[in-house]
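Asks: how would this look folded up:
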Amino acid sequence: MERDLQELLPKLEQARTETAEKIVVVEAKKKEVDEKTVVVEAEEAVAKDKKQKADVIQKDCEFQLDKVMPIYNMAMRAVGQLKRDDITELKGFAKPPDAAVIVVKTLVILFEKP
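Replies: Next up is the predicted model:
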């Protein structure tokens, strides 16, 4: 038994040395991880702040869009009901009424014509 212990003693010392080396490596990597963690947490805070601002903008846009969509849908239905004769009638005016000018300007904007 003593001889077995004598044979195992060098292996134990080698394992102890390897363990100490691995501990040094692990400690060094732990410091690197801690440094990177600080950087990542700072970037995360900036990203969360930007997301929060973007969410506020998105909610505002959705609110404004909810107000405008019924008007847009009504305008699209009205445009869909226009007939060729309606356009010809407008062409016949020497000076079209102000309401007709507004409608035509709106159509120009809708169809993106300069």
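
Asks: residue ranges in this structure under the pLDDT threshold?
Replies: For the chain, the stretches flagged by pLDDT under 70 are 113-114.

Asks: tell me which stretches of it form helices.
Replies: For the chain, the helices defined by DSSP state H cover 2-80, 84-92, 98-110.

Asks: just name the most buried of the ones you listed.
Replies: Of all those, helix 98-110 has the most neighbours on average by mean count of other Cβ atoms under 10 Å, namely a mean of 12. Using the backbone N, CA and C atoms, a C-beta is placed for each residue, glycine as well.

Asks: and it, how far from the chain's centre?
Replies: How far helix 98-110 lies from its chain's middle: 36 Å, per Cα atoms, centre = their mean, to the nearest Å.

Asks: and if you look at stretch 29-46?
Replies: 23 Å.

Asks: same check on stretch 3-15?
Replies: Distance of stretch 3-15 from the chain centroid (Cα atoms, centre = their mean) equals 60 Å.

Asks: cool, stretch 58-71 as well?
Replies: 19 Å.

Asks: just the CA trace of it, in PDB.
Replies: What follows is stretch 58-71, C-alpha atoms only, in PDB (Å, rounded to 0.1, in the frame of the first residue of the first chain):
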ATOM      1  CA  GLN A  58     -44.100  54.000 -32.300                       C
ATOM      2  CA  LYS A  59     -47.100  54.600 -29.900                       C
ATOM      3  CA  ASP A  60     -47.400  58.200 -31.100                       C
ATOM      4  CA  CYS A  61     -47.300  57.100 -34.700                       C
ATOM      5  CA  GLU A  62     -49.900  54.500 -34.100                       C
ATOM      6  CA  PHE A  63     -52.100  57.000 -32.300                       C
ATOM      7  CA  GLN A  64     -51.800  59.500 -35.200                       C
ATOM      8  CA  LEU A  65     -52.400  56.800 -37.700                       C
ATOM      9  CA  ASP A  66     -55.500  55.600 -35.900                       C
ATOM     10  CA  LYS A  67     -56.800  59.200 -36.200                       C
ATOM     11  CA  VAL A  68     -56.000  59.600 -39.900                       C
ATOM     12  CA  MET A  69     -56.900  56.100 -41.300                       C
ATOM     13  CA  PRO A  70     -60.700  56.700 -41.300                       C
ATOM     14  CA  ILE A  71     -60.200  59.900 -43.200                       C
END
